[in-house]
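Student: make a model of this:
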Amino acid sequence: MAISYPRKAPSGIKVIIVGAGFAGLTAAIECHRKGHEVTVFEKVAELKPLGDIISFGQNSSRMFERWPGVVDKLLPIIHTSEAVEFRDWTGKYVTTQSFADEHKSWGRRINGHRGEIHEILVDTARAWGVDIRLGQNVAGYFEEDGYAGITVGDEKFTADVVLASEGVKSPARTVVLGHEDLPKPSGYAVYRAWFPSGELAKNSLTAKLVDGDTHTGWIGQDVHFLVAAIKGGKEISWVCTHRDDSDIKESWQFPGNKEDVLKVLQGWDPVAHEIVKATPPDRLFDYKLVFRDPLPTFISPGCRIVLIGDAAHPFLPTSIQGASQAMEDGAVMAACLDVAGKDNVTEAIRVWEKIRYERVHKIQATGVTTREMWHKADWKAIWEDPTRLHLKREEWILNFDAEQDAYDSYDKVKASLGTQKNRSAEVDTSDVVIDM
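Tutor: Residues are numbered from 1 along each chain as shown. This next block holds a predicted model:
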């Protein structure tokens, strides 16, 4: 049966999107839905299902629900456990946090393999008719009165608005800020892995972890180790966040070494050690983290070039909201352009920034607080109240419809802008530290 992809009448608004990650793809799908003309330029020549686990909260999962056929494709590959079991570093059971009530009240979460979910969204965008051009290395951005554009080789492409979604190294950051912003050391790194769980199923210490979908976390001093079994336990992923003093100029991913991980986990639960030992060497990666100060603005002086997703606001993994906020960026932009129309594109972009800026930075800060809650845990207090280890599941973050909120708040936000030309929302970010 053919799937129908409803679309509004053409708006006349031309949108260029640089980068086909989750921010770019969501912006593309949502802009196409609203009748805008969309072209996506992606640097890589071939999109491959790479990566490991990624999580989408209810606030972004509701977008998948709006895209015909997408959830049906996701259901066979996503994590189905509705709880996470916490243990201390020795393996002693502490507490179990259930997500069942929030699922009933706020909707489903989508957690699964980054590459597999991304592949489904790429197929969805193409099925809608979105023009995705691969192998396009965008060399620069520019804006003039009434339009913005990009350069690819010797060619120039122009549009009413250009959305830069190719990550924190985007050259558009320099255009928006007027200078190059340099990263700073974070003092943390993450080991990551995803692999078939056959060997773990044979090991008496680990077999229980892959008996269906499970989610387990070990918490220790300045280290946490999270493990999730998926697809009925047939595959497993794990992440280990730890202190790291590497002096690098950018966040970067390197091949991981199991012996290095085992040193980090010295004295820890033997179950954690067995998981690491069973990891195929080519499936282990060492991701170094740096941080950048929160940006004063996400939009260019002429209000035609916009940073979205990681290009605007990289998130700590412990926020569990990086991908969700990237998707919110795209959905809100499409809605704002829909309300404003072609003659008021710069107004739409200013309203978009005002809507997004404060919410994004408040949610970014939760990544730091969650990490510190685990890494600096007061274990005497935790044994008195084990729920202190629970993830803070905030309704204002998760039970939120970004698209509807944009439509509902557009006129009020527009009125609040007054005659100001280009400034971010008024929010104190002096104490916000953002890792990537």
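
Student: got the domain ranges for this protein?
Tutor: 14-82+109-181+293-380+391-435, 184-292 (automatic domain parsing).

Student: now the first one, how far from the centre of its chain.
Tutor: Looking back up the chat, that one is domain 14-82+109-181+293-380+391-435. 9 Å (CA atoms, centre = their mean, to the nearest Å).

Student: okay if I get the domains of the chain as TSV plus mean neighbour count, distance to Phe99 and mean pLDDT?
Tutor: To be clear about C-beta, it is placed using only N, CA and C from the backbone, and glycine gets the same treatment. Output for these, formatted as TSV (neighbours: other CB atoms under 10 Å; distance: least, CB to CB, whole Å; pLDDT from 0 to 100):
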stretch	mean neighbour count	distance to Phe99	mean pLDDT
domain 14-82+109-181+293-380+391-435	19	5	91
domain 184-292	18	9	92
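
Student: turn those domains into JSON lines, columns for distance to Val94.
Tutor: JSON lines is the format used below for these (distance: least, CB to CB, whole Å):
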{"stretch": "domain 14-82+109-181+293-380+391-435", "distance to Val94": "9"}
{"stretch": "domain 184-292", "distance to Val94": "8"}
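
Student: touching, Ser55 and Ala323? I think so.
Tutor: Yes: with contact defined as CB atoms under 8 Å, Ser55 reaches Ala323; the gap is 7.1 Å.

Student: which helix of this protein spans the most residues?
Tutor: Among the segments of the chain that qualify as a helix by DSSP state H, the longest is helix 345-375.

Student: for that helix, which helices and strands make contact with it?
Tutor: On a contact count with 3 or more CB pairs under 8 Å, 6 or more residues apart in numbering; DSSP states H and E, helix 345-375 meets strand 223-230, strand 305-307, helix 322-340, helix 402-417, strand 434-435.

Student: spatially central residue in this structure, please.
Tutor: Using CA atoms, centre = their mean, the residue of the chain that lies closest to the mean C-alpha position is Ala323, 1.8 Å off.

Student: so where does Ser170 fall, helix or strand?
Tutor: Under the criterion of DSSP states H and E, Ser170 resides outside all helices and strands.

Student: from here on, count from 58
Tutor: I'll keep to 58 as the first residue from here, and by that count the last item is Ser227.

Student: residues contacting it?
Tutor: Residues near Ser227 by CB atoms under 8 Å, 6 or more residues apart in numbering: 75-76, 221, 364, 368.

Student: what is the nearest of those residues to Val101?
Tutor: Gly76 (10.0 Å; CB to CB).

Student: roughly how far apart are that closest one and Thr147?
Tutor: 43 Å (CB to CB, to the nearest Å).

Student: likewise for Arg230?
Tutor: In terms of CB to CB, Arg230 sits 44 Å off from Thr147.

Student: repeat for Asp238
Tutor: Asp238 is 42 Å from Thr147, by CB to CB.

Student: could you do Val347 as well?
Tutor: For Val347, the distance to Thr147 - CB to CB - is 32 Å.

Student: wait, is Gly206 part of a strand?
Tutor: Yes: per DSSP: H, G, I helix; E, B strand; the rest coil, Gly206 lies within a strand segment.

Student: list the contacts for it?
Tutor: Taking CB under 8 Å, 6+ apart, one finds 73, 198-200, 213-216, 219 in contact with Gly206.

Student: of the residues you listed, which belong to strands?
Tutor: Under the assignment DSSP state E, the contacts of Gly206 contribute 73, 198-200, 213-216, 219 to strands.

Student: can you put the residues you listed in JSON lines and add distance to Ala405?
Tutor: Below are the ones in strands among the contacts of Gly206 laid out as JSON lines (distance: CB to CB, whole Å):
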{"residue": "Ile73", "distance to Ala405": "15"}
{"residue": "Tyr198", "distance to Ala405": "19"}
{"residue": "Phe199", "distance to Ala405": "20"}
{"residue": "Glu200", "distance to Ala405": "15"}
{"residue": "Lys213", "distance to Ala405": "23"}
{"residue": "Phe214", "distance to Ala405": "20"}
{"residue": "Thr215", "distance to Ala405": "18"}
{"residue": "Ala216", "distance to Ala405": "13"}
{"residue": "Val219", "distance to Ala405": "14"}
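
Student: out of these, which is nearest to Lys65?
Tutor: Ala216 (18.2 Å).

Student: and the closest one, what are its bridge partners?
Tutor: Ala205 (DSSP bridges).

Student: and Ser294, by the same measure?
Tutor: Under the criterion used (DSSP bridges), Ser294 bridges to Trp251, Ala285.

Student: for it, give its distance to Arg416.
Tutor: In terms of CB to CB, Ser294 sits 28 Å off from Arg416.

Student: residues in contact with the closest residue in space to Trp146 that isn't next to it in sequence?
Tutor: Excluding its sequence neighbours, the residue lying closest to Trp146 (CB to CB, 6 or more residues apart in numbering) is Gly277, at 3.3 Å. Neighbouring residues of Gly277 by CB under 8 Å, 6+ apart: 145-146, 325.

Student: dump the residues you listed to TSV, plus distance to Gly69 and secondary structure.
Tutor: Shown next, in TSV, are those (distance: CB to CB, whole Å; DSSP: H, G, I helix; E, B strand; the rest coil):
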residue	distance to Gly69	secondary structure
Asp145	59	strand
Trp146	59	coil
Trp325	59	coil
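
Student: let me see the contact set for the nearest residue to Leu178 once chain neighbours are set aside.
Tutor: What sits nearest to Leu178 in space, not counting adjacent residues and going by CB to CB, 6+ apart, is Leu82, at 4.7 Å. By CB under 8 Å, 6+ apart, Leu82 lies in contact with 97, 175, 178-179, 182, 387.

Student: keep only those of the contacts of Ser227 that are in strands.
Tutor: Reading strands off those with DSSP E, I get 75, 221, 364.

Student: which among these gets closest to Leu234?
Tutor: Leu364 (9.3 Å).
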